[in-house]
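Chemist: Using only what follows, build the 3D model:
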Amino acid sequence: MTREEKNQEIEALVGILEGANTLYIADIAGLDAESTSNLRRQAFKNEIKISVVKNTLLKKAMERTEKPFEGLFEVLKGNTSIMVSEAGNAPAKLIKEFRKKSEKPILKGAYIEEAIYIGDDQLDALSNIKSKDELIGDVIALLQSPAKNVISALQGSAGNKVAGLVKALEERAQ
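Modeler: The predicted structure is shown next:
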């Protein structure tokens with residue numbers, strides 16, 4: 001690879017890293033062609049981009065970004081693939097699901113919203129992180145809950161009692 005090709009690859013990686021709030025670094029070496037194709041297919045279905053990268057080029061790209069990737073430098077050894085996704089937990093769920101049939105991919109590290117996670121033992125914690133859509137759904141459910149309780153109380157037998165009390169207070173005031 002010429003110096004010019006390396007610089008182009010680094011700039012492409014910088015573009016990927018700048019646009020990513022979720023980055024997983026994994027080792028998928030040792031997967032046969034069929035398993036690799038299955039992994040890529042599942043990743044595509046889950047809107048996860050997978051790329052095999054050279055460690056030195058990835059490190060240089062990380063150094064050129066404004067994001068704090070320094071904590072991930074120690075995992076840039078051996079075979080390295082990056083997984084980029086909008087959802088913070090999507091790559092972790094994909095890895096866990098895929099590992100039911102295979103011993104790879106192995107999680108080396110992850111960068112999620114400026115937090116660094118190192119090691120394969122972090123996989124369970126990462127898969128339990130809620131995505132933005134899941135959090136929005138939880139907030140909406142919490143906001144709707146009190147309103148639903150009031151409406152059901154007014155429609156039920158308590159509602160009749162409240163209406164009766166309001167009517168009694170109105171008659172007393174007259």
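Chemist: Quick check: pLDDT value at Arg41.
Modeler: Looking at Arg41, its pLDDT reads 92.
Chemist: element containing it, please.
Modeler: Using DSSP states H and E, Arg41 sits in helix 33-45.
Chemist: So in that sheet, which strands flank the helix or strand just after that helix, and in what orientation?
Modeler: Later in the chain than helix 33-45, the nearest helix or strand by DSSP H and E is strand 48-53. As defined by DSSP bridges, the strand partners of strand 48-53 come to strand 80-85 (antiparallel).
Chemist: hang on, the earlier thing: report the buried residues of the helix holding Arg41.
Modeler: Neighbour-count burial for helix 33-45, counted by 16 or more other Cβ atoms under 10 Å, picks out Ser35, Thr36, Leu39, Ala43. Yep, even glycine has a C-beta here, placed from its N, CA and C like the rest.
Chemist: So which residue is smack in the middle of the chain?
Modeler: The centroid of the chain falls nearest to Gly88 when counting by Cα atoms, centre = their mean (1.1 Å).
Chemist: Would you verify that that residue is located in a strand?
Modeler: No: counting by DSSP: H, G, I helix; E, B strand; the rest coil, Gly88 is not part of a strand but coil.
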